[in-house]
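below are the sequence and a predicted model; questions follow.
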Amino acid sequence: MITCHLRYTIDPFKTKEFEHYGKIWIPLVEKFGGTHHGYFLPSEGANNLAIAMFSFPSLALYEEYRTKSLQDPECLAAFQYATDTRCVLSYERSFFRPVFK
């Protein structure tokens, strides 16, 4: 299993738009076989940081999702929403593997 951790810098005046963006992506990741762990919005502390995490059974399946997402009309609309609203200023993507007992 591989978990993608996204760290977003968001416009703090567009948190509602970013929340909508997250709600768009959760079912899209699941549509391509991933398990979404949610988006996490600012609460206390920095008001311009948000995260999201989702997992795929393997890095190969994640890469397949990435390729397909660039051709999927719903995913393209989600990308365009972020561009149009400018709610995402930047993001960093990291990958983790879980350790279980």
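Looks like it arrived, so ask away. Numbers count the residues shown, from 1 in each chain.

and the helices in the protein?
Assigned by DSSP state H, the chain shows helices spanning 15-31, 59-69, 73-85.

nearest to N47, out of these?
helix 15-31 (7.9 Å; CB to CB). To be clear about C-beta, it is placed using only N, CA and C from the backbone, and glycine gets the same treatment.

now that closest one against helix 59-69, angle please.
Orientation of helix 15-31 against helix 59-69 (axes from the mean of the first three to the mean of the last three CA atoms, to 10 degrees) gives an angle of 120 degrees.

neighbouring contacts of helix 15-31?
8, 10-11, 35-36, 38-39, 41-42, 47, 50, 52, 54, 65, 69, 72, 74-75, 77-78, 81-82, 85, 87-88 (CB atoms under 8 Å, 6 or more residues apart in numbering).

can you give me the angle that helix makes with helix 73-85?
Using the same axes, to 10 degrees, helix 15-31 lies at 160 degrees relative to helix 73-85.

confidence score at the nearest residue to E74 once chain neighbours are set aside?
Of all residues not flanking E74 in the chain, L28 sits nearest, at 5.9 Å (CB to CB, 6 or more residues apart in numbering). At L28, the model reports a pLDDT of 97.

L28 and Y21, how far apart?
11 Å (CB to CB, to the nearest Å).

neighbour count for these two, which is higher?
Using other CB atoms under 10 Å, the more surrounded residue of L28 and Y21 is Y21, with 22 against 17.
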